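# generate a structure from the sequence data that follows.
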Amino acid sequence: MKTLQTKLTELFQVPLLVVQLLAAWCVAILVICLWLLATHFFSVNVITAFGLTWPSVLHATWSGCKLLFWYGAFSLIPWQWSLVIPVMWNLASLTGAGLQLVLALLQGNLAVAILRLAFILGLGVATFYLALVARKTQLAAPLSANAVGYLRRWWQALATNLSLNWRWLAGGWALYVLSLAIFNPGHLF
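I've put the predicted structure just below:
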């Protein structure tokens, strides 16, 4: 029976150190969140107001497009450690959202907990498939001595990997954008 770390190492074709670093990052973020929670326990503000407005949809769509852009930009860098940066950012968001989910459940606010769970699932699926597509693109389009055709090889590899994973990626991205729009009803650009 393979461990989750071994499966992720084989799937993304990265050293075990990368997976262990990301796991340690999640633990560090969780410890920081718990420390903040412990020091400000009586003033915790869990989002309880939510709604869907046109500005919130535009803002969430813009945030989702930035997410797609950053993974595409980091996939251009033919180095496996480059993808750690956007993955770490999203894992921090997921860890914080997980803590907010627990707080919403402890406060008995089921509607917020369900929406927070949708956010976590959407961002989690989008992060996983964006990282997978970006890493497979890096592997399929290595930087060689002939750097002239690198962008063409990269674009072809990206198109191939997107065509293989577009359903899960689109579903996770749409769930992320919709739940983000619902949680931020008053935000503008």
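# the helices in this structure, which residues?
Taking DSSP state H, the helices of the chain run over residues 4-12, 16-39, 54-75, 84-106, 110-140, 150-183.
# and A24, how many residues sit next to it?
Summarising burial for A24: neighbours were counted as other Cβ atoms under 10 Å, giving 10. Using the backbone N, CA and C atoms, a C-beta is placed for each residue, glycine as well.
# deepest of the helices of the chain, which one?
Compared across these, helix 110-140 shows the largest average neighbour count, a mean of 20 (mean count of other Cβ atoms under 10 Å).
# who are the neighbours in contact with the residue nearest to the spatial centre of the chain?
Nearest to the centroid of the C-alpha atoms of the chain, with distances taken as Cα atoms, centre = their mean, sits T127, at 3.2 Å. Under the criterion of Cβ atoms under 8 Å, 6 or more residues apart in numbering, the contact list for T127 reads 87, 90-91, 94, 172.
# now tabulate those residues in CSV and tack on pLDDT.
Below are the contacts of T127 laid out as CSV (pLDDT from 0 to 100):
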residue, pLDDT
V87, 89
N90, 91
L91, 89
L94, 89
G172, 94
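# take these and lay them out in TSV including distance to L178.
Below are the contacts of T127 laid out as TSV (distance: Cβ to Cβ, whole Å):
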residue	distance to L178
V87	22
N90	17
L91	21
L94	17
G172	11
